[in-house]
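**Student:** build me a model:
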Amino acid sequence: MTDATAKTTTAEKGDPEMKGWLLKWTNYIKGYQRRWFVLSKGVLSYYRNQSEMNHTCRGTISLHGALIHTVDSCTFVISNGGTQTFHIKAGNEVERQSWVTALELAKAKAIRAIESEEEEAEESAQVVPSQEINAVVHDLTERLENMRTCYDLITKHGAALQRALNDLESNDEESLASRTKIVYERATLFRITSNAMINAGNDYLHTAESQGYKWSKMLQHEREQRQRLEEIIEQMAKQQSQMEQAAVLVRQNKPVPAMVSSSTTMLLPAGTSSTMLTSDDEVEYFDAEENGYMGRLESPLSGERTFIVKLGQRSSSSEDQVEGQTGSSSESDEQKRTVKTIQQVRVVSAPRVASGDDDKIDHAAANSSSPKNTLPSESGSQRRISRPRRSRVPDKPNYPLSLWSIMKNCIGKDLSKIPMPVNFNEPLSMLQRLVEDYEYADILDIASRCKDECEQLAYVAAFTVSAYATTSNRTGKPFNPLLGETFECDRRDDLGWRCLAEQVSHHPPVAAIHCEGRDWTCWQEFSMTSKFRGKYVQVNPLGAAYLLFSESGNRYSWRKVTTTVNNIIVGKLWVDQQGEMEIVGSNAAEGNKCVLNFIPYSYFSREVQRSVKGVVINRKNEVKFVVRGTWDEKIEIAPVLATSGTADSPTYTTGAYTVAWQRRPPPPDSDKFYNFTTLACQLNEMEEGVAPTDSRHRPDQRLMEIGDWDESNKEKLRLEEKQRSVRRQRESDAEAAAAEGRPYPAYEPMWFKREKEDGTENFVHVYKNTYWEAKEAQDWTGCPDIY
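**Tutor:** Next up, the predicted model:
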């Protein structure tokens, strides 16, 4: 053992708590540095030395949602999903294994502790002050002790009285008088003691009843307060729904009904007249854009239009920065609404060529590097389909169930840890939903043939936006994948790509996806946190996606934006996307990036809703392409021909806009079957030869698809309990191994492995290149029994 890693100390045998010297990676200049690590109560902390433990902690990581990965004989990595990563080196393999075992054991105990807390009843009765509780308990304890004393005296005097009566029966008449006197005295003492016992019992009962009545009143008061709060929230939601209807009428220049106008006026800011709701010429509503550039589009055909192009103001565009970004935000809603300075940008657009129809793809004005083919159509007339596929699923049954009745007890909780009935689901797994991201992968085929790196990046941006095309009206929750669950989608015969997804971790839930196209490969690691905020559910994606073009070697990475599901309490559910997405180039595309701004939906904005605006910037920090459109309909791109103006207020002159992506129309009556697209209908279609862990074999999901929701809910509970049972068994085995001082292997995915990402210090799950070979041989040895 080296001097840098002094002997590790542990607590009692089987206890996961440890402390000792280890080497921690700091940066490329200093490398690994000696640090004092402490594992306690499910948290790993480190200090520069032992004396700092009382005042300065250099960093901590909570283990209940962390991933623990062994790199080599001495090195291991702890990561909590992208926000924090510790790279640690032990002195030897034995020391490394002892730490990894203790960490896994501490993680298991932390998970159990959190789950037990979540299972406790959380009815929000106000907590009685501890001093009052202690006083009442002390009073009742004293009275109970008095009763016990009286009981002891009754027992003592009762025994004496019984002996006196026995003596009275056995003695002769001469001593009868004296014996009778003794019996009388004993009986008197017994009566006095009994009266004291009765009084003490009455006091105890009175005190208990008075306090019980008081607590019952407090509980009833809190129940009434909660009921009032629920009524207020529901009323506010109804008023908001009326405001939304009024806003739609205002945008359509239609009069607002008096009932709606009067109800919405209640919620307008002070000093705002209700006439604003019916007079478009008096007031204009604009959203404040955070940290963005205000652009002005001048076109001879469309007149002057204003739009926002949000440019990221970061000091570095390297892929390391994308990897290091935090997947979830801790900002409050008020902070997110902070109005920031807006910079004005003028974009002068050349007129459209040909008919100028916005709905058509026009490559005539594109430069010579543009691909010559247009986007493939829905019918796929030039594609060869090897077998017929279904175009719909069974209609959704009408099983009414109030979402608010379930969600009202979940405010502030992570919804991924709350069991939900299938009534709020759609018959697809989250793995299948992630594969849907590649519905418009033909855009990547076009991008792969682009010679201009910036134009290629613009098409990649269009592809990333297309992944949100179906989310505007898909409000059903996908099934949470089981640990080890997989999904394959081989569409090389008609769509030109094949994809594999696997649930590689359960705490935290992480899915790994690998997709192979004609001239490109895309992979991603997806996780998320979701919180219920009362009126809406916010989903914050974690993890990053990567894309590599095989011919050019250009590589790009990005992270998904925040998704919000609105109208949880009342009204029709609807989904919005918001936030900034930065697509960063590396390898041959190092230095290029695209910044996209998903603008939040606003009822009082005259701008196009669900809009996406952004720019492509080359390695010289020059804006080369403008990207605009909506995430639920289409994306257009245009080259920047010239830049003028000042640095604070530049003007971009662009060429003709080209439609890089257009959403395909949904199937007829898709609203009857979960608003599925044609591809979504085909994802859960049974196929021969898939792995036994494939989502198509999942029984609760299949039962829901055919409309048997009652049985589906039963199967869902069975599968979840089976998964918990397997996890508890692994935890028990890990504890037994730790008690015996032997290593216990952590869970390893079947088709993916964690590797260090090139050029970064981050670890991601990458494909092992073994699944399709195993499928061809039908060798599923090692697949877990999860169903």
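
**Student:** checking the spatially most central residue of the chain next. Helix, strand or coil?
**Tutor:** In the chain, the centroid-proximal residue (C-alpha atoms, centre = their mean) is residue 529; its distance is 1.9 Å. The local conformation at residue 529, judged by DSSP: H, G, I helix; E, B strand; the rest coil, is strand.

**Student:** mind listing the residues bridging to residue 767?
**Tutor:** Beta bridges link residue 767 to residue 752, judged by DSSP bridges.

**Student:** now do it against residue 217, distance only.
**Tutor:** The gap separating residue 767 from residue 217 is 63 Å, by C-beta to C-beta, to the nearest Å. C-betas here are computed from N, CA, C, even on glycine.

**Student:** residues in contact with residue 614?
**Tutor:** Residue 614 is in contact with 309, 310, 461, 581, 594, 595, 596, 597, 626, 627, 628, counting by C-beta atoms under 8 Å, 6 or more residues apart in numbering.

**Student:** how much space between the fourth one and residue 143?
**Tutor:** Computed with C-beta to C-beta, the distance linking residue 581 and residue 143 is 67 Å.

**Student:** most neighbours out of the contacts of residue 614, which is it?
**Tutor:** residue 461 (30 neighbours; other C-beta atoms under 10 Å).

**Student:** that one contacts residue 583, doesn't it?
**Tutor:** Yes - contact status for residue 461 versus residue 583: in contact at 5.9 Å, counting by C-beta atoms under 8 Å.

**Student:** now list whatever residues contact both of these two.
**Tutor:** Residues touching both residue 461 and residue 583 (C-beta under 8 Å, 6+ apart): 594, 596.

**Student:** just say helix, strand or coil for residue 440.
**Tutor:** Assigned by three-state DSSP, the conformation of residue 440 is coil.

**Student:** and it, backbone torsions?
**Tutor:** phi -110, psi 40 (degrees, to the nearest 10).

**Student:** quick check: residue 540 touching residue 562?
**Tutor:** Yes - assessed by C-beta under 8 Å, residue 540 is found in contact with residue 562 at 5.6 Å.

**Student:** longest helix in the chain, please.
**Tutor:** Taking DSSP state H as the criterion, the chain has its longest helix at helix 176-251.

**Student:** how much space between the residue lying closest to residue 251 once chain neighbours are set aside and residue 253?
**Tutor:** Closest residue to residue 251 apart from its sequence neighbours, by C-beta to C-beta, 6 or more residues apart in numbering: residue 606 at 7.2 Å. Noted for residue 606: a distance of 11 Å to residue 253, by C-beta to C-beta.

**Student:** more neighbours, those two?
**Tutor:** A count of neighbours by other C-beta under 10 Å puts residue 606 above the other of residue 606 and residue 253, at 13 against 8.

**Student:** that one in helix, strand or coil?
**Tutor:** Classification of residue 606 by three-state DSSP places it in coil.

**Student:** where are the low-confidence patches of the stretch 101-250 of the chain?
**Tutor:** Low-confidence segments of the stretch 101-250 of the chain (pLDDT under 70): 115-134, 136, 157, 166-177, 179.

**Student:** so what are the domain limits for this protein?
**Tutor:** Here the domain parsing of the chain from automatic domain parsing is 9-119, 130-247, 293-376+404-714, 715-777.

**Student:** to residue 390, which of these lies closest?
**Tutor:** Comparing those against residue 390 with C-beta to C-beta, the closest turns out to be domain 293-376+404-714 (5.4 Å).

**Student:** tell me the mean pLDDT for that closest one?
**Tutor:** Computed over domain 293-376+404-714, the mean pLDDT rounds to 79.

**Student:** how far away is the residue nearest to the centre of the chain from residue 546?
**Tutor:** Distance of residue 529 to residue 546, given as C-beta to C-beta: 21 Å.

**Student:** ditto for residue 215
**Tutor:** According to C-beta to C-beta, residue 215 stands 58 Å off from residue 546.

**Student:** neighbour-wise, which of the two wins?
**Tutor:** For residue 215 versus residue 546, neighbours defined as other C-beta under 10 Å are more numerous around residue 546 (19 against 14).

**Student:** for that one, give the beta-bridge partners.
**Tutor:** The residues that residue 546 bridges to, once DSSP bridges is applied, are residue 523, residue 557.

**Student:** circling back to that earlier point, more neighbours, residue 767 and residue 217?
**Tutor:** More neighbours surround residue 767 than the other of residue 767 and residue 217, with 19 against 10 (other C-beta under 10 Å).

**Student:** thought the more buried one was touching residue 500?
**Tutor:** Yes - Residue 767 sits in contact with residue 500 when judged by C-beta under 8 Å, with a separation of 6.8 Å.

**Student:** what residues are shared contacts of these two?
**Tutor:** Residues touching both residue 767 and residue 500 (C-beta under 8 Å, 6+ apart): 514, 751.

**Student:** could you pull out the helices for the chain?
**Tutor:** Per DSSP H, the chain carries helices over the ranges 93-119, 130-170, 176-251, 258-265, 319-324, 333-336, 403-407, 430-435, 442-448, 453-466, 678-683, 699-705, 709-740, 771-777.

**Student:** of those helices, flag the one that's most buried.
**Tutor:** With neighbours defined as mean count of other C-beta atoms under 10 Å, the helices of the chain peak in mean count at helix 453-466, which reaches a mean of 26.

**Student:** could you pull out the strands for the stretch 451-600 of the chain?
**Tutor:** In the stretch 451-600 of the chain, the strands defined using DSSP state E, counting those that start in this stretch lie at 477-479, 486-491, 497-506, 509-516, 520-532, 536-542, 545-549, 554-558, 562-566, 574-587, 593-598.

**Student:** mind listing what's buried along the second one?
**Tutor:** Right, the one you point to is strand 486-491. Across strand 486-491, burial judged by 16 or more other C-beta atoms under 10 Å covers 486, 487, 488, 489, 490, 491.
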